[in-house]
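Chemist: with the input below, show me the fold.
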Amino acid sequence: MALSAQDKILYVANKLGLSSLNLMQGSTGAVYDVDTDISGQIFTSASRHQNPGVTNLTQNEFEVNEALLVENIAFYVRNEAGLTQNFQTIYGSNAVIVFDLVIGNKRVMKDTPVFAAGSPYTFANAANFTQTAGETNVQCFVPRHQVFMEGAGVLIPPQVQWYVDYRIFNVVTGATIAATDATAIGCYLFGTRVLLNFNTSI
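Modeler: A predicted model of the protein is given here:
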């Protein structure tokens, strides 16, 4: 029998001795950040950004009784003007991201390749226009991410730092592709998030 997202969160919480986590409220949540330093790591410098256009974090560590069960991991490109770009348009259809997810001092996902095209509509830009040859412009939703993975099922517990190491490769030639300021890589971690429930906490 498969464990639900809540069961996984409670199991890890109990192992960590967080007995009050079952009094908290769970909801959908997401964290994101962009590697503006072009360092090959995402989330490590989130505290320096403090900009909703770059990150929604003040640090890469959750507070007490706050956790995120990561269900989807998505990568995207952010250019120098702050616009979100289609990954495959920028890097080409032969590009693949290989990443590690590090929680604390453990690599919980290692050398994981992600190159599936498409994305959930949750992460879409409205009011973009596309045009086919000789046709009228059509307003549409354009996926923010062209590289994403579903069903990760990894829990980031409270008060533990985490980050993503990534590399970009050409899957045909095997060559490493370098990111630049104009093609900075961003990452979303999306899933079930536990937050304080003040009805039971006060």
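
Chemist: can you give me the strands for this protein?
Modeler: 25-34, 41-42, 67-78, 84-85, 95-103, 106-114, 124-130, 138-143, 147-156, 162-170, 176-177, 184-195 (DSSP state E).

Chemist: summarise which helices and strands the last one is packed against.
Modeler: Spelled out, that is strand 184-195. Applying 3 or more CB pairs under 8 Å, 6 or more residues apart in numbering; DSSP states H and E, we find strand 184-195 packed against helix 5-15, strand 25-34, strand 41-42, strand 67-78, strand 162-170. Every residue, glycine included, has its C-beta placed from N, CA and C.

Chemist: pLDDT score assigned to I177?
Modeler: Predicted confidence (pLDDT) for I177: 93.

Chemist: what is the burial count for it?
Modeler: Using other CB atoms under 10 Å, I177 has 17 neighbouring residues.

Chemist: repeat that for G174.
Modeler: 7.

Chemist: next one: L101
Modeler: L101 has 24 neighbouring residues, counting by other CB under 10 Å.

Chemist: next one: R107
Modeler: 13.

Chemist: could you report the distance from it to I42?
Modeler: Computed as CB to CB, to the nearest Å, the R107 to I42 distance reads 15 Å.

Chemist: please apply the same query to N60.
Modeler: When N60 is compared with I42 (using CB to CB), they lie 9 Å apart.

Chemist: let me see the contact set for the closest residue to I103 other than its chain neighbours.
Modeler: Distance criterion CB to CB, 6 or more residues apart in numbering; nearest residue to I103, sequence neighbours excluded, is W162 at 4.5 Å. When contacts are counted by CB atoms under 8 Å, 6 or more residues apart in numbering, W162 touches 43, 60-61, 101-104, 156.
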